[in-house]
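**Student:** Sequence first, then the predicted structure, then my questions.
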Amino acid sequence: MQVSDLDTPALVVDLDVMERNLRRVADYCAEHNLRLRPHTKTHKSTFLARRQLELGAVGLTVAKVGEAEVMLGAHPKDLLVAFPVIGEPKLRRLAEIARVMRVTVALDSLTAACHLSNAGTAAGVEFSVLIEMDVGLGRVGVAPSDALDLARAVGALPNIRVRGLAFYPGHIKDQNEQMIAELSATIEAVRNQFDSAGMTPEIVSGGSTPLLFRSHDIAGVNEIRPGTYLFNDMNTVGSGGCALEDCAASMLVTVVSHTRGDRMIVDGGSKTFSSDRNHSGGAAFGRLVDAPGASFHKMNEEHGFIDLRGADRHFEIGEKTRIIPNHICVAVNLHEFVYGVRGDTVEEVWKVEARGKLQ
Ligand SMILES: Cc1ncc(COP(=O)(O)O)c(C=O)c1O
């Protein structure tokens with residue numbers, strides 16, 4: 001099947017670019033002795049998770065227990081839930097997973113750890129824990145200076161083994177040298193505190209896609225959990241984390257209306273792309289590969305509004321064109337299938353098995 005035969009809207013992935021992205025990060029981690037535990041929220045597919053494991057990933061990361069259940073199918077050695085798991089039903093399901101593989105949870109409270117410990121004790125399984133620190137994003141995580149106290153308290157609980165620290169540097173959206181230096185100093189200080197207490201962390205897990213290739217500059221980090229890196233998107237380009245030619249994923253859409261000379265409507269809106277804006281303010285809802293000067297400035301659920309005044313070309317009704325989305329992780333979650341293409345040929349179709357697994 002050719003790309004032009006695909007019905008639209010369709011999420012297509014350039015396999016040459018994706019494979020290059022996967023290899024580059026695997027090589028980078030090998031060169032800097034970093035454990036790679038990719039976040040599977042981006043692709044939500046066991047097929048791609050297996051590829052990451054084949055290239056040396058030490059395990060997989062998920063945000064949801066439902067994603068963990070799906071990712072069992074990729075047979076990782078280890079699953080990290082990088083999200084506090086709260087509530088009886090989820091903990092029971094997580095304990096079932098822990099019967100068949102090592103499960104690690106990143107958490108930031110003694111309450112969450114006690115619930116996990118109780119679930120582990122009831123099921124007769126042990127959970128590993130990473131102490132989550134807030135290093136500037138202001139989301140989850142204890143203050144870095146409180147991490148040691150929490151680690152001591154959590155480590156005293158039955159059926160729990162504290163294995164280290166986790167943080168997510170999502171507040172650094174560009175390659176800001178001062179912020180990277182501050183982050184490094186913060187992590188080094190916490191590590192020193194743990195070392196002095198005789199509790200040297202086995203794992204210090206950080207890493208986002210924008211800062212991926214700076215991970216070796218953050219003192220003490222020995223594991224990274226990027227997700228976006230295999231596809232990339234316009235926000236990663238905007239962060240300086242990748243070049244435009246590293247964007248593997250795009251949305252194939254069809255021009256369906258042309259009632260005004262300088263505007264066209266395509267068959268993809270917020271239910272195809274998500275409504276995520278471009279962090280750097282450019283390219284609106286995505287970049288038209290064939291007409292970079294066009295502005296994808298507005299969306300309804302099923303309609304994409306493209307202003308063609310800045311474009312140097314015209315599109316006919318029925319013509320198909322590709323648009324690189326701003327935020328690929330949320331876009332993937334909206335699609336049932338992803339089409340892997342090489343040149344003009346559709347080589348692979350994979351199911352987004354964990355889409356909608358929100359619990
Ligand atoms: C806790 C955590 N770890 C890792 C990631 C992956 O980062 P990225 O999307 O920048 O690849 C995310 C993304 O949101 C995250 O929240």
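**Tutor:** Yes, it's here.

**Student:** what's the nearest residue to the most centrally placed residue in the chain if we skip its chain neighbours?
**Tutor:** Nearest residue to the geometric centre of the chain (CA atoms, centre = their mean): G227, 2.9 Å. Spatial nearest neighbour of G227, excluding adjacent residues (CB to CB, 6 or more residues apart in numbering): H39 at 3.2 Å. (Glycine included, C-beta is placed from N, CA and C.)

**Student:** Provide the backbone phi and psi angles at the residue nearest to the centre of the chain.
**Tutor:** phi -120, psi -50 (degrees, to the nearest 10).

**Student:** low-confidence ranges in this structure?
**Tutor:** By pLDDT under 70, the weakly predicted segments of the chain are 281-283.

**Student:** all helices for this structure, in order.
**Tutor:** All helices of the chain, identified by DSSP state H, fall at 15-31, 46-54, 65-71, 88-98, 110-123, 147-155, 177-196, 234-239, 270-273, 328-332.

**Student:** Output the set of residues of the stretch 51-200 of the chain in proximity to the ligand.
**Tutor:** A82, Y168 (CB under 6 Å from any ligand atom).

**Student:** Mind putting the helices of the chain into CSV with mean neighbour count?
**Tutor:** Converted to CSV, the helices of the chain look like this (neighbours: other CB atoms under 10 Å):
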stretch, mean neighbour count
helix 15-31, 17
helix 46-54, 19
helix 65-71, 23
helix 88-98, 17
helix 110-123, 18
helix 147-155, 18
helix 177-196, 16
helix 234-239, 23
helix 270-273, 20
helix 328-332, 23
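
**Student:** contacting residues for S145?
**Tutor:** Going by CB atoms under 8 Å, 6 or more residues apart in numbering, S145 touches V190, Q193.

**Student:** Distance of it relative to F194?
**Tutor:** Noted for S145: a distance of 12 Å to F194, by CB to CB, to the nearest Å.

**Student:** could the helices of the chain be laid out in a markdown table, adding distance to A82?
**Tutor:** Shown next, in a markdown table, are the helices of the chain (distance: least, CB to CB, whole Å):
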| stretch | distance to A82 |
| --- | --- |
| helix 15-31 | 17 |
| helix 46-54 | 15 |
| helix 65-71 | 10 |
| helix 88-98 | 13 |
| helix 110-123 | 13 |
| helix 147-155 | 16 |
| helix 177-196 | 17 |
| helix 234-239 | 19 |
| helix 270-273 | 25 |
| helix 328-332 | 13 |
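
**Student:** and G340, which of those helices is closest to it?
**Tutor:** helix 15-31 (4.8 Å; CB to CB).

**Student:** right, so of the helices of the chain, which gets closest to L6?
**Tutor:** Among those, helix 270-273 comes nearest to L6, with 13.5 Å by CB to CB.

**Student:** Centre of the chain to that closest one, how far?
**Tutor:** The chain centroid and the centroid of helix 270-273 are separated by 18 Å, computed with CA atoms, centre = their mean, to the nearest Å.

**Student:** Would you mind finding the longest strand in this structure?
**Tutor:** strand 249-260 (DSSP state E).

**Student:** Would you mind giving both backbone torsions of R225?
**Tutor:** phi -130, psi 50.

**Student:** contacting residues for it?
**Tutor:** With CB under 8 Å, 6+ apart, R225 has these contacts: R37, P38, H39, T61, L80, A82, Y168, S205, G206, G207.

**Student:** got it, and L212?
**Tutor:** Counting by CB under 8 Å, 6+ apart, L212 makes contact with V25, Y28, I224, P226, Y229, G241.

**Student:** One more: E223?
**Tutor:** Listed by CB under 8 Å, 6+ apart, the contact set of E223 reads L34, R35, L36, R37, V58, I203, V204, S205, G206, G207.

**Student:** Now which of the residues you listed would you call buried?
**Tutor:** Buried by 16 or more other CB atoms under 10 Å: L34, R35, L36, R37, V58, I203, V204, S205, G206, G207, out of the contacts of E223.

**Student:** Please list the members of these that lie in strands.
**Tutor:** Using DSSP E, those in strands are R35, L36, I203, V204, S205, G206.

**Student:** residues contacting the fifth one?
**Tutor:** For S205, the residues meeting the contact criterion (CB under 8 Å, 6+ apart) are 35, 37, 80, 106, 130, 164-167, 221-225.

**Student:** Now do the same contact list for L79.
**Tutor:** By CB under 8 Å, 6+ apart, the residues touching L79 are G59, L60, T61, V62, A68, M71, L72, I97, M101, R102, V103, T104.

**Student:** what about 10 Å?
**Tutor:** 37, 40, 59-62, 65, 67-69, 71-72, 94, 97-98, 100-105, 128 (CB atoms under 10 Å, 6 or more residues apart in numbering).

**Student:** Equivalent analysis for R191, please.
**Tutor:** Here R191 is in contact with A147, G164, L165, T200, P201, V204, A219, G220, V221, N222 (criterion: CB under 10 Å, 6+ apart).

**Student:** Is it correct that M264 is in contact with G304?
**Tutor:** Yes: counting by CB atoms under 10 Å, M264 touches G304, with 8.9 Å between them.

**Student:** can you list residues touching both of these two?
**Tutor:** Residues touching both M264 and G304 by CB under 10 Å, 6+ apart: V255, V256.
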